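>>> Pasting the sequence and the predicted model now:
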Amino acid sequence: MNDLAPLLTPEGRALLDAVRGTAPADELAVATRLRREHPADLVSAALGQARLRQRAEAKFGAEDAGRMFFTPNGVEQSTRASVASYRAERFRALGVRSVADLCCGIGGDAIALARAGVRVLAVDRDPATVAVARANADVLGLADLIEVREADVTEVDTAGHDAVFVDPARRGGRGRIFDPEAYSPPLSWAIGTALKAPHAALKVAPGIPHEAVPADAEAEWISDGGDVKEAVLWFGAGAGAVRATLLPGPRTLLGRGLPNPRVRSVGRYLYEPDGAVIRAHLVAEVAEDLDGGLVDETIAYITADELRPTPYASAYEITDRLPFNVKKLKALLREREVGILTVKKRGSAVEPEELRRKALPKQHGRNAATVFLTRVAGAPTMLLGHPV
């Protein structure tokens, strides 16, 4: 990034402190004032970096984001700090003391690894990204543990490292890339590199087809706060295993190779599995633990007669079941004095906002409810209930 070097000077750092927390509506006034004493390009660079830092707080936390440097792509594509820290701990628990971090980006994973006491070779081919990664290692006091190198990752010798971590680029000029062989570098190259190392982890899109997972890899799907963030292919241990990991925690559900759950009638409780559980195809494991079944063979909603606590699914008590009918739902909501309606759907083409607009009574009710738009035994159905 051409405007990074000036920001690393004493004048640049002072400007970054001066524009910290600037609201978008105030940028013009702040820029006008600061340009009286500083170069216009430097002021613009500082304000741009301040915007990126504000966006990065959700991933890195206010303290780190307020000191780090970012690129627009770096903020968008970097690993969330909680996920990177979890992965670094997994590496550390495997006895890994050095990692070749290939396609390191702005250094999010390298930072987490270094903080776990792991020495890192961080490699990226983009000069601007490398400059940012190097600046981040320095500003966070981790430069002694992180060597940042500008190079083509396919030409880097990873011998001598305990592990390899590869985070291929999964975005192109037209947006997200869904074909693993269209990653940069391709997944096949990453797998070949992983197989040469004692341990390895490859970060892939959560939507990777299960048939694309190599037989000698463990596949892990990770969610954070209920949102699925990524999938990881681990090499060196646990070949063939499948797991869903939920953060914070971590809480990990291991696959047991169970057949598809049975379909049964809707019971008193409905469970909505975490997205990582669904992506990992481990709904059957949760259903068995809950002594439940599916409402429909194609729908990942579990129903049961008893309430059992589980970290792997959100529980709702079902009060009403009715065929899909907006008028009947509206009448029921009016009767229950519902003013706040949460709409969830799985296996339905109806848009939640449209249903909410049509079904909520005009008078403001004092109660809240959740409606599930789904299929029960193949029939479009509405299930009304509330979280427990």
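Now that the structure is in, tell me what you want to look at. Numbering: from 1, shown residues only.
>>> C-alpha only now, for contacts and for neighbours.
Will do.
>>> What segments of the stretch 251-388 of the chain are helices?
For the stretch 251-388 of the chain, the helices defined by DSSP state H, counting those that start in this stretch occupy 275-279, 283-290, 326-335, 352-359.
>>> what about the chain, any weak spots by pLDDT?
1-3, 171-175, 177 (pLDDT under 70).
>>> Determine which residue lies closest to the centroid of it.
Central residue of the chain (C-alpha atoms, centre = their mean): Lys229, 1.8 Å from the mean position.
>>> That one in helix, strand or coil?
Three-state call for Lys229 (DSSP: H, G, I helix; E, B strand; the rest coil): strand.
>>> With adjacent residues omitted, what lies nearest to it?
The spatial neighbour of Lys229 that comes closest, neighbours along the chain excluded (C-alpha to C-alpha, 6 or more residues apart in numbering), is Ser223 at 5.3 Å.
>>> Surely that neighbour is within a helix?
No - Ser223 is assigned strand when assessed by three-state DSSP, not a helix.
>>> Just give the number of residues close to the closest residue to Leu52 other than its chain neighbours.
Nearest non-adjacent residue to Leu52, counting by C-alpha to C-alpha, 6+ apart: Phe70, 6.3 Å away. Residues near Phe70, counting by other C-alpha atoms under 10 Å, number 30.
>>> which SSE is Phe70 in?
Here Phe70 is covered by no helix or strand, with elements defined by DSSP states H and E.
>>> and if you look at the one 3 residues further on?
Taking DSSP H and E as the criterion, Asn73 maps to helix 72-77.
>>> And for that helix, what's in contact with it?
With contacts defined as C-alpha atoms under 8 Å, 6 or more residues apart in numbering, helix 72-77 is touched by Leu52, Arg55, Ala56, Gly105, Ile106, Thr129.
>>> among those residues, which two are most distant?
Greatest spatial distance in the contacts of helix 72-77: Arg55 and Thr129, 17.5 Å, computed using C-alpha to C-alpha.
>>> Comparing these two, which residue is more hemmed in?
Thr129 (24 against 17).
>>> State the helix or strand in which that one lies.
For Thr129, the host element (DSSP H and E) is helix 127-139.
>>> what packs against whichever helix or strand comes after that helix?
Downstream of helix 127-139, the next assigned helix or strand under DSSP H and E is strand 146-150. Packing partners of strand 146-150 (3 or more C-alpha pairs under 8 Å, 6 or more residues apart in numbering; DSSP states H and E): helix 108-115, strand 119-124, helix 127-139.
>>> That'll do, ta.
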